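Engineer: I'd like to go over a predicted model; first the sequence, then the structure.
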Amino acid sequence: MLRMAFVGMGWAGTRQVEAVAELDRKVEAACLMDTDEAHLKARSEELGIARTCTEYSGLLADPEIDAVSICTPHSLHCPMAVEAAEAGKHILVEKPMAMTVAEATRMLTAAAANAVKLYVAESASYSAQAKFLRQLVAQGLYIGELTAASVTAGFRAPDYGYPGRRQWLASPDLGGTGSWMLHGIHTMAQLRFALGEVRTVYMQQHRASSFKRDDLEGTMSGTLTLESGVQVSVLQTAESRLYADLGGYVLHGDRGSIRSGVDQSLLFTDEEDGKVIVYPPEKESVYAQEIESFADYVAGVSPGVTTGTVERRSLAIVEAGYESCDSGQPVNLADLFGSL
């Protein structure tokens, strides 16, 4: 039994605690923490978790807590993770794991120095779609060897803002970010999990006249080159509504092509034109799966799907995307960050 404290009881923290209830006594939601006492009380009653805390230092000093899940604003992830590592607590941190690769490296260094595990709550890599695409590419199923791909993700949000306690998500001065970091990190993590590692990032940024924020990107588009040499076209937008099946993946291979959505894929080959492939049902939500994977990683029975080391590479793609926009040039990850 891994006894976890959940720090920051906004949407993410609440959803994680709800996910723990899906697991069969592998993880205990031992404590909830938030600095807003009234909100914390309401969440405690709603979720049925009696033990609460408003001071992070006191939580870290508690010997009955094995691990913390950091669900706070992104700018706090690095210092809070380092502090938890130094207190001997295992760490689950919401995506993006940090604001920069340098911060992520500092977190990993602290975890290693204190013999604790660092994991990232990156739900996109646990989806049925991600698992299907990973198997398809790795085994050459249906379409053969991958020759080219594209991924489109996002939504239309001309004002790009969040209400209430979530306002910080789109406020740079509070650690919030644009869609490339906030949502693109999901896309990059899932893309890497399904298609393979990325070598080079070449991105551009666009804002339509209707997009009312001039301090955040509206649409990011460009090309990633995988380590395999395959080119992947990427569109991450907060300006366009992706009607029907306009979002998702299109994969081309030497024996066919496939359009992949959240729930199913359409296969196009010489033998099967437009065949629908429905993904197998999942026993647990992606949020329960990521917490269970964290518990198994801490217990040493699994290498982990979204470890800190793994998800530092997703963050590197996002950071390199911003760098590419600024320079107008492709960015090689190894040249920018060295060995990741």
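Structural biologist: Yep, it's here. Numbers count the residues shown, from 1 in each chain.
Engineer: So N114 is in contact with G88, correct?
Structural biologist: Yes - the pair N114 and G88 qualifies as a contact (Cβ atoms under 8 Å) at a distance of 6.1 Å. Any C-beta I mention is one placed from the backbone N, CA and C, and that applies to glycine too.
Engineer: Identify, by residue count, the longest helix of the protein.
Structural biologist: helix 308-327 (DSSP state H).
Engineer: in that helix, what counts as buried?
Structural biologist: Within helix 308-327, the residues that count as buried by 16 or more other Cβ atoms under 10 Å are 308-322, 324-325.
Engineer: Ok, stretch 173-189 next?
Structural biologist: 176-189.
Engineer: Over to stretch 108-124?
Structural biologist: Buried residues in stretch 108-124 (16+ other Cβ under 10 Å): 108, 110-111, 116-124.
Engineer: Just give me the closest of those to L47.
Structural biologist: A121 (17.1 Å; Cβ to Cβ).
Engineer: Show the contacting residues for that closest one.
Structural biologist: 12, 16, 69, 71, 92-95, 287, 290-291, 294, 306 (Cβ atoms under 8 Å, 6 or more residues apart in numbering).
Engineer: any idea which of these has the most stuff around it?
Structural biologist: Sorting the contacts of A121 by how many neighbours each has (other Cβ atoms under 10 Å) puts L92 first, at 31 neighbours.
Engineer: Surely that residue is within a helix?
Structural biologist: No - L92: not assigned to a helix; according to DSSP: H, G, I helix; E, B strand; the rest coil it is strand.
Engineer: what separates it from E28, distance-wise?
Structural biologist: Here the distance between L92 and E28 works out to 14 Å (Cβ to Cβ, to the nearest Å).
Engineer: Between these two, which contacts overlap?
Structural biologist: When contacts are counted by Cβ under 8 Å, 6+ apart, L92 and E28 have M4 as shared neighbours.
Engineer: Skipping adjacent residues, who's closest to the residue most central in space within the chain in space?
Structural biologist: Geometric centre of the chain, nearest residue: E122, 3.4 Å, by Cα atoms, centre = their mean. Computed as Cβ to Cβ, 6 or more residues apart in numbering, the closest residue to E122 that is not its neighbour in sequence is T306, at 4.2 Å.
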